[in-house]
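Participant: just need the structure, nothing else, for what follows:
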Amino acid sequence: MARREDKRTFLKKLAEFLHPGPDSTDELIDTLSEAQHNHIIGNESRLMLEGVIRMADMTAGDVMVPATRMDMVDIQASMDDLLHLVIDTGHSRFPVYETDRENIIGTLMAKDLLKLQRAPELNIRTLLRNAVFVPETKGLNDLLRDFRGNRNHLAIVIDEFGRVAGLITIEDVLEQIVGEIEDEFDVQEEEGDIFPLADGSYRVNGSTLIEKLEEAFKINIENTETDGKFDTIGGYIAHEMGHVPKRGETHRVQNHQFVVMHTKGGAVRWFRVKKIEPQSEQ
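Facilitator: Got it, this is the predicted structure:
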């Protein structure tokens, strides 16, 4: 009986907050915490509801990928360049520009590149989909509704001067509700740390132990200057670079190049590692 009374009390409070409206977001979130304490909702449900509530005050500009970090496709790029970009980034959609990065003319689906291989007479322009542009001030609730209503799950964010400020995907919006969404790079630890790629390079987990990496690539990483305090390759490279690496940044370790493929939670999750072959003598 006590449990039933608690439930009615919570629903009554929630109804009072929602109609005509809560006095504050903090009060509504406190009510959700009380509901969890009374075992009316679980922890995951509370976190998702809090995400929905907080998202109501967020805009595209709050969660977008800044323009400086956008992976984009030049309409003049060769097929080899396109394939390398897809492999290196792991993205499924790319903004496409012509002449200037500000001149975005459409979006390209990575899967559509298969059509070019089967029908060489086609070109990238025939594969482009309409680019969607939204202002930085567009609310995430409205943006999510737009994403659900059309098949374009990527939007270009424009600032008040009409310049490209960044991009945002449906995944960026949903992560505000459910937390970070695992993708193709989120491999469980027990599945391994180092994976060979088709072009002869390797995908390496940032948490790979330095000793394991040294053995795999037959290199000797000088870790003595840091008193050997870095156990993982991600920690070591971040120290060497002097900052947390961002996607696309590179760092050379002896005769191997490390390219940041994927970051999450302020740390590198995956590197692409390729051996640098010495230039042949002329």
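
Participant: show me what the helix or strand containing Leu47 is packed up against.
Facilitator: Using DSSP states H and E, Leu47 sits in helix 43-55. Other helices and strands packing on helix 43-55, by 3 or more C-beta pairs under 8 Å, 6 or more residues apart in numbering; DSSP states H and E, are helix 25-37, helix 170-178. The C-beta positions use only the backbone N, C-alpha and C, and glycine is treated the same way.

Participant: look at Val187 and report its pLDDT.
Facilitator: For Val187, the model assigns a pLDDT of 49.

Participant: no wait, His262
Facilitator: His262 carries a pLDDT value of 76.

Participant: may I have the helix or strand where it lies as PDB, with CA atoms only?
Facilitator: If you go by DSSP H and E, His262 is part of strand 256-264. Taking Å, rounded to 0.1, in the frame of the first residue of the first chain, the C-alpha atoms of strand 256-264 are listed here in PDB:
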ATOM      1  CA  HIS A 256      55.200   4.200 -37.300                       C
ATOM      2  CA  GLN A 257      52.600   6.900 -37.800                       C
ATOM      3  CA  PHE A 258      49.700   7.000 -35.300                       C
ATOM      4  CA  VAL A 259      46.500   8.700 -36.600                       C
ATOM      5  CA  VAL A 260      43.700   9.300 -34.200                       C
ATOM      6  CA  MET A 261      40.600   7.600 -35.500                       C
ATOM      7  CA  HIS A 262      38.100   7.900 -32.700                       C
ATOM      8  CA  THR A 263      38.000   9.600 -29.300                       C
ATOM      9  CA  LYS A 264      35.500   9.300 -26.500                       C
END
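
Participant: what pairs with that strand, parallel or antiparallel?
Facilitator: Applying DSSP bridges, strand 256-264 is found paired with strand 250-253 (antiparallel), strand 267-275 (antiparallel).

Participant: pull the longest one out as CSV, backbone CA atoms only.
Facilitator: So the one you mean is strand 267-275. These are the backbone C-alpha positions of strand 267-275, laid out as CSV (Å, rounded to 0.1, in the frame of the first residue of the first chain):
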residue,chain,number,x,y,z
ALA,A,267,40.7,9.9,-24.4
VAL,A,268,41.7,8.2,-27.7
ARG,A,269,39.8,5.0,-28.3
TRP,A,270,41.4,4.0,-31.6
PHE,A,271,44.5,4.8,-33.6
ARG,A,272,45.3,3.8,-37.1
VAL,A,273,48.9,2.8,-37.2
LYS,A,274,50.9,2.5,-40.4
LYS,A,275,54.6,1.8,-40.9
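
Participant: and that strand, which residues are buried?
Facilitator: Buried residues in strand 267-275, counted by 16 or more other C-beta atoms under 10 Å: 268-274.

Participant: which pair in these has the greatest spatial separation?
Facilitator: Arg269 and Lys274 (17.8 Å; C-beta to C-beta).

Participant: the host helix or strand of Thr126 - what's its average pLDDT?
Facilitator: Using DSSP H and E, Thr126 maps to helix 124-127. Average pLDDT, helix 124-127: 87.
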